[in-house]
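Visitor: Next input, structure requested:
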Amino acid sequence: MFNADLLFLAPVIFVAGFIDSIAGGGGLLTVPAYLIAGIPPTQTLGTNKFVSTVGTFVSTGRYVLNKRVLWPVALVGVPFSLAAAAAGANFVAIIPDALVAKIIIVALPVAAAFTLIPKPKGHREIPIRWKSLRLYTIIPLITVTLGGYDGMFGPGTGSLLLLCLYGVARLNFLHAAATARFFNLLSNLAALVAFLSHGAVLFGIGIPLALFSMGGHYLGSHLALKHGDRLVRIMLAVALTLLLSYLLWKYTG
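Guide: A predicted model of the protein is given here:
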């Protein structure tokens with residue numbers, strides 16, 4: 001039944017997984033693709049969450065095995081991120097999505113411009129350790145803010161996490177990308193449980209597409225680990241372009 005859809009979706013899922021594993025933003029490709037293929041919106045979101053979660057396991061696992069995830073940041077930030085995401089989902093009725101999106105359209109290019117400027121010669125990341133004051137101040141602020149954003153709106157959360165972990169928390173790009181993947185994996189799992197409880201995952205296409213997502217995530221994380229900051233910068237620029245295009249199309253058309 002879905003053979004033609006699989007032929008159309010498979011390369012999109014692979015490319016999205018590749019981008020997502022490095023800089024986030026893969027959902028900006030996959031969600032419209034599912035809808036174009038004629039899959040109903042609820043099943044689109046549920047199936048997309050299943051496919052992306054399986055792929056994210058691969059890239060997160062590679063970053064963990066290569067010791068690129070900063071565990072103090074990850075473990076301190078996760079409770080704040082999950083709690084804020086839950087609160088944001090309940091608060092979304094008060095703050096219109098369109099207003100949030102328009103604020104991002106203005107703020108994101110500014111943040112991206114500062115982040116994508118090459119580092120000054122000799123610049124190094126500032127380490128965050130268990131006794132670091134920044135760990136208990138800046139990281140909760142970042143994860144609460146973006147956790148709330150994820151609950152209220154969502155698209156591009158991985159890219160925004162990467163930007164903040166690099167530009168505000170002063171991690172290097174690869175550590176920021178790896179730790180952002182860890183945050184995304186847990187939030188994906190939480191959302192997937194909800195979709196599964198409502199029977200909103202189409203496993204008939206989700207399982208084969210998950211294989212393509214795994215391939216994209218594997219290749220992307222492999223290249224990010226091999227080429228480091230330069231590739232992450234390039235893919236972040238791609239992801240931010242996708243995010244801005246999506247928001248402009250949806251809210252200013």
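Visitor: CA atoms for contacts and neighbours, from now on please.
Guide: OK.
Visitor: and L219, what is it in contact with?
Guide: F18 (C-alpha atoms under 8 Å, 6 or more residues apart in numbering).
Visitor: Over to it. Which of the three states is it?
Guide: Assigned state for L219: helix (three-state reduction, DSSP: H, G, I helix; E, B strand; the rest coil).
Visitor: Okay, and I138 sits in which element?
Guide: helix 133-152 (DSSP states H and E).
Visitor: Who are the packing partners of that helix?
Guide: helix 71-91, helix 157-167 (3 or more C-alpha pairs under 8 Å, 6 or more residues apart in numbering; DSSP states H and E).
Visitor: Only alpha carbons, please: show stretch 191-210 as PDB.
Guide: Presented in PDB, the C-alpha positions along stretch 191-210 are these (Å, rounded to 0.1, in the frame of the first residue of the first chain):
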ATOM      1  CA  ALA A 191       6.700  12.200  23.100                       C
ATOM      2  CA  LEU A 192       6.900   8.700  21.400                       C
ATOM      3  CA  VAL A 193       5.300   7.100  24.500                       C
ATOM      4  CA  ALA A 194       2.400   9.500  24.200                       C
ATOM      5  CA  PHE A 195       1.900   8.800  20.400                       C
ATOM      6  CA  LEU A 196       2.100   5.000  21.000                       C
ATOM      7  CA  SER A 197      -0.600   5.200  23.700                       C
ATOM      8  CA  HIS A 198      -2.900   6.800  21.100                       C
ATOM      9  CA  GLY A 199      -2.000   4.300  18.400                       C
ATOM     10  CA  ALA A 200      -0.600   7.100  16.200                       C
ATOM     11  CA  VAL A 201       2.500   5.200  14.800                       C
ATOM     12  CA  LEU A 202       2.200   3.500  11.400                       C
ATOM     13  CA  PHE A 203       4.700   0.700  11.900                       C
ATOM     14  CA  GLY A 204       4.200  -0.600   8.300                       C
ATOM     15  CA  ILE A 205       6.200   2.400   7.000                       C
ATOM     16  CA  GLY A 206       7.800   3.400  10.200                       C
ATOM     17  CA  ILE A 207      10.000   0.300  10.600                       C
ATOM     18  CA  PRO A 208      11.600   0.400   7.100                       C
ATOM     19  CA  LEU A 209      12.000   4.200   7.200                       C
ATOM     20  CA  ALA A 210      13.700   3.900  10.600                       C
END
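Visitor: Count residues in the vicinity of the closest residue to L209 other than its chain neighbours, would you?
Guide: Spatial nearest neighbour of L209, excluding adjacent residues (C-alpha to C-alpha, 6 or more residues apart in numbering): A10 at 6.0 Å. Using other C-alpha atoms under 10 Å, the number of residues around A10 comes to 19.
Visitor: Many thanks, we can stop here.
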